[in-house]
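Student: coords please:
(one chain, ligands or ions: 1)
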Amino acid sequence: TPLANIRNFSIIAHIDHGKSTLADRLIQETGGLTAREMSEQLLDNMDIERERGITIKAQTVRLHYTAQDGETYQLNLMDTPGHVDFAYEVSRSLAACEGALLVVDAAQGVEAQTLANVYQSIEHDHEIVPVINKVDLPAADVEKVRQEIEDIVGLPADDAVLTSAKTGLGIADVLEAVVARIPPPKGDADAPLKAMLVDSWYDPYLGVVILVRIVEGTLKKGQQVKFMQTGETHLIDRVGCFTPKRIEMTELNVGEIGFITAQIKEVAQTRVGDTITSAKNGTAAPLPGFKEVQPVVFCGMFPIDAADFEKLRDSLGKLRLNDASFQWEAESSAALGFGFRCGFLGLLHLEIIQERLTREYDLDLITTAPSVVYKVHMTNGELRELHNPADMPDPAHVAHMEEPWIEAVIYVPDDYLGSILKLCQDRRGIQKNLTYVGGRAQITYELPLNEVVFDFYDRLKSISRGYASFDYHQIGYREGDLVKMNILVNAEPVDALSMVVHRSVAESRGRGLCERLKDLIPRHLFKIPIQAAIGGKVIARETISAMRKDVTAKCYGGDISRKKKLLEKQKKGKAKMRQYGNVDIPQEAFIAALRMG
Ligand code: GTP
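Tutor: Down below sits the predicted model:
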């Protein structure tokens, strides 16, 4: 296909505004699948997902559309994830497109989650086409939504496309708008091959499938190519696209998006953002924007039942097959026994993995306090990397410590500016810049990463009712007055809850943590003191009072089966607890306790 007849775009939408329904309609309208095939296709994917516990990631589809001008266009519709933990992956997907459809529900109007995506899309110089969907609803108010798009998003909305993805109204208009308003890709067909590795996933039949955008040159089946970051060469054995059916072809040309396979076994061998070139006479200049994806949050994961250790190792291995950004190695803990030290892109990523281990692999786990990587300069000149607060050396031998910092850019409507500034200030932030763009402020802050990884994003969203957007990158290490804080439950230190904190915030963090633990740990038959301490010095304390009655007391010896049920329930509850000394701590307590109030 000539460049002039290619359009690469994504869909930006707030949850439930109709992104999937619209995408399905576009596929149907352009004949990618018949209505019957469509329901079969969806069923197929769900079956495989259910059976194998894997996610089908072929979300980028190629549509062929014959426009009113008589020309046939190749439209590549790309799906993108939407969380700050995966900001880099999103940025590569956006870099592969020239435009986006911004879908807004005609009855709901502009909502917050949309904004962060729109700003990112604008940063990539995308042409954005507003689409007002669900105009069939009685509550639809097109004029109001138009105004909101202009005021809140800052995009002209006179020529917004009106659709009902449900009834099919306006779908042809969307396709015409894509062709007319989104620019075609640029690139030199005769230059040496440059393809961007946009995404990759593991397919049980094909091995690793790689989604690419051809920036220059041509990529052919049977070609020997080089992945510039890893330096590895591979023979391309399949080239194609999804319509969404998998279609195999002989080549991908400049400007196109498609997939390749090359007998690659692990996703870890592919780096998102890498440049693929020909092995012979390739380019010397890789595409800009590549970043090594490094885990920034580490925590320990331990099976509650020690017998599950091997099962946990297998499950982590399986997850890693499809998620190269997640790392793990074996570790052992005095209190928790054998487990694994795991690295994640952020707290959401951690929670996704934890959830999958629990739900799909049926494992009961203890997750220890998440931590960033500190640099510890010892008095003897040695430099140690600290991934685990439990390994903190004796402060007497520590000369000084360094912690990672980030630069964060936050967009927020004026109304919430004050509370956002306070949040950043409370997290030891240093304000670098504050400017106004339309009705919203753009704030740049430097922040210590350890103040951000746990719950900063959630706090930001809740303070701003979802209207703030947040993006960050690391800016290196800085010296900090850091101390290890221990948590003692019934006078026993709980190593899974110990953490490294800045001295200036230790007391308030300690107090908050003790208060939350007080609510998270159930009452026992005795009084339980909960303390936060630095070295031997207690800086905060709470007490859980003793429980009087046992659970079955309420039954008054009545219905015996009910009593048995209660006991069973209690036993099940126990299975998800961890014993420290003679205190049972529920599994949720370990992560929940870290959500700062
Ligand atoms: P997520 O996948 O959860 O992010 O949502 P989404 O944005 O993909 O929305 P989805 O397409 O799943 O649509 C959400 C709901 O709105 C579904 O129940 C759709 O049937 C409905 N819907 C989508 N488009 C229209 C429309 O034009 N009119 C009406 N009345 N309902 C619609």
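Student: ok, then the element right after the helix-or-strand element of the chain with minimal mean pLDDT?
Tutor: When each helix and strand of the chain is scored by mean pLDDT, DSSP states H and E, helix 35-52 comes last, with a mean of 51. Note on helix 35-52: by DSSP states H and E, the next helix or strand toward the C-terminus is strand 61-66.
Student: Which neighbours in the sheet does that next one have, and how are they oriented?
Tutor: Strands that pair with strand 61-66, judged by DSSP bridges, come out as strand 72-78 (antiparallel).
Student: Return the distance of the partner strand from the chain's centre.
Tutor: 27 Å (Cα atoms, centre = their mean, to the nearest Å).
Student: which strands and helices sit next to the next helix or strand along the chain from it?
Tutor: Once the chain leaves strand 72-78, the next helix or strand it forms, by DSSP H and E, is helix 87-95. The contact analysis (3 or more Cβ pairs under 8 Å, 6 or more residues apart in numbering; DSSP states H and E) places helix 87-95 against helix 112-123, strand 194-203. For glycine as for every other residue, the C-beta is placed from the backbone atoms N, C-alpha and C.
Student: how far off helix 87-95 does the longest one point, in degrees?
Tutor: Counting by axes from the mean of the first three to the mean of the last three Cα atoms, to 10 degrees, helix 112-123 points 60 degrees away from the direction of helix 87-95.
Student: what sits up against helix 112-123?
Tutor: Residues outside helix 112-123 that contact it (Cβ atoms under 8 Å, 6 or more residues apart in numbering): 10, 12-15, 17, 80, 82, 84, 90-91, 94, 100, 102, 104, 128, 152-153, 155, 411, 461, 464-471.
Student: one more time with 7 Å, if that's ok
Tutor: With contacts defined as Cβ atoms under 7 Å, 6 or more residues apart in numbering, helix 112-123 is touched by 12-15, 82, 90-91, 94, 100, 102, 128, 153, 411, 465-467, 469.
Student: Against the ligand, which of those make the cut? List them.
Tutor: Contacts with the ligand within the contacts of helix 112-123, counted by Cβ under 6 Å from any ligand atom: 13, 15.
Student: Can you go through the contacts of helix 112-123 and name the buried ones?
Tutor: 12-14, 82, 90-91, 94, 100, 102, 128, 153, 411, 466-467, 469 (16 or more other Cβ atoms under 10 Å).
Student: what about the helices in the stretch 151-300 of the chain?
Tutor: Applying DSSP state H, counting those that start in this stretch to the stretch 151-300 of the chain gives helices spanning 171-181.
Student: interface residues of it facing the ligand?
Tutor: Residues of the stretch 151-300 of the chain lying near the ligand by Cβ under 6 Å from any ligand atom: 164-166.
Student: Tell me the spacing between residue 492 and residue 526.
Tutor: Counting by Cβ to Cβ, to the nearest Å, the gap from residue 492 to residue 526 is 13 Å.
Student: got a pLDDT number for whichever residue of the stretch 401-550 of the chain sits closest to the ligand?
Tutor: The ligand sits closest to residue 466 of the stretch 401-550 of the chain, with a gap of 14.4 Å, by Cβ to the nearest ligand atom. Note on residue 466: pLDDT of 78.
Student: Pretty sure it sits in a helix.
Tutor: No - counting by DSSP: H, G, I helix; E, B strand; the rest coil, one finds residue 466 to be coil, located in no helix.
Student: Next, it: phi, psi?
Tutor: Torsion angles at residue 466 (phi, psi; degrees, to the nearest 10) stand at phi 90, psi -10.
Student: Next: residue 157.
Tutor: According to degrees, to the nearest 10, residue 157 has phi -130, psi 10.
Student: ditto for residue 290
Tutor: Backbone geometry at residue 290, expressed as degrees, to the nearest 10, gives phi -70, psi 140.
Student: tell me the contacts of the residue nearest to it when sequence neighbours are not counted?
Tutor: Of all residues not flanking residue 290 in the chain, residue 273 sits nearest, at 4.1 Å (Cβ to Cβ, 6 or more residues apart in numbering). If a contact means Cβ under 7 Å, 6+ apart, then residue 273 has 92, 196-197, 289-291 as its contacts.
Student: What subset of the residues you listed is buried?
Tutor: Neighbour-count burial within the contacts of residue 273 applies to 92, 196-197, 290; the criterion is 16+ other Cβ under 10 Å.
Student: which of these lies closest to residue 283?
Tutor: residue 196 (12.1 Å; Cβ to Cβ).
Student: Can you give me the pLDDT of that closest one?
Tutor: Listed pLDDT for residue 196 reads 97.
Student: State the next helix or strand along the chain beyond the top strand by length along the chain.
Tutor: With DSSP state E setting the assignment, residue counts place strand 398-413 as the longest strand in the chain. Downstream of strand 398-413, the next assigned helix or strand under DSSP H and E is helix 417-426.
Student: Show me what that following helix is packed up against.
Tutor: strand 440-448, helix 456-463 (3 or more Cβ pairs under 7 Å, 6 or more residues apart in numbering; DSSP states H and E).
Student: Confidence-wise, which of the ones you listed is weakest overall?
Tutor: Mean pLDDT per stretch puts helix 456-463 lowest among the helices and strands packed on helix 417-426, at a mean of 85.
Student: Go ahead and confirm residue 392 touches residue 385.
Tutor: No - in this structure, residue 392 is not within contact of residue 385 by Cβ atoms under 7 Å, at 12.0 Å.
Student: shaky segments in the stretch 251-400 of the chain?
Tutor: By pLDDT under 70, the low-scoring segments of the stretch 251-400 of the chain are 335.
Student: Spell out, range by range, the strands that occur in it.
Tutor: In the stretch 251-400 of the chain, the strands defined using DSSP state E, counting those that start in this stretch lie at 251-252, 257-261, 275-278, 297-303, 327-333, 337-344, 365-367, 374-378, 383-386, 398-413.
Student: and the last one, which strands flank it?
Tutor: The reference is to strand 398-413. strand 374-378 (antiparallel), strand 440-448 (antiparallel), strand 469-480 (antiparallel).
Student: for those, which one ends up most surrounded?
Tutor: Greatest average neighbour count among the strands paired with strand 398-413 goes to strand 440-448 (a mean of 20), per mean count of other Cβ atoms under 10 Å.
Student: Helix 456-463 and that one, what's the angle between them?
Tutor: Going by the same axes, to 10 degrees, strand 440-448 makes 150 degrees with helix 456-463.
Student: Pull the number of nearby residues for the nearest residue to residue 376 once chain neighbours are set aside.
Tutor: Excluding its sequence neighbours, the residue lying closest to residue 376 (Cβ to Cβ, 6+ apart) is residue 384, at 4.4 Å. When neighbours are defined as other Cβ atoms under 10 Å, residue 384 has 15 of them.
Student: now swap in residue 547 and tell me
Tutor: Neighbour number of residue 547 under other Cβ under 10 Å is 13.
Student: Let me know the secondary structure of it.
Tutor: Strictly by three-state DSSP, residue 547 counts as coil.
Student: Contacts only, for it.
Tutor: The contact partners of residue 547, taken as Cβ under 7 Å, 6+ apart, are 523-525.
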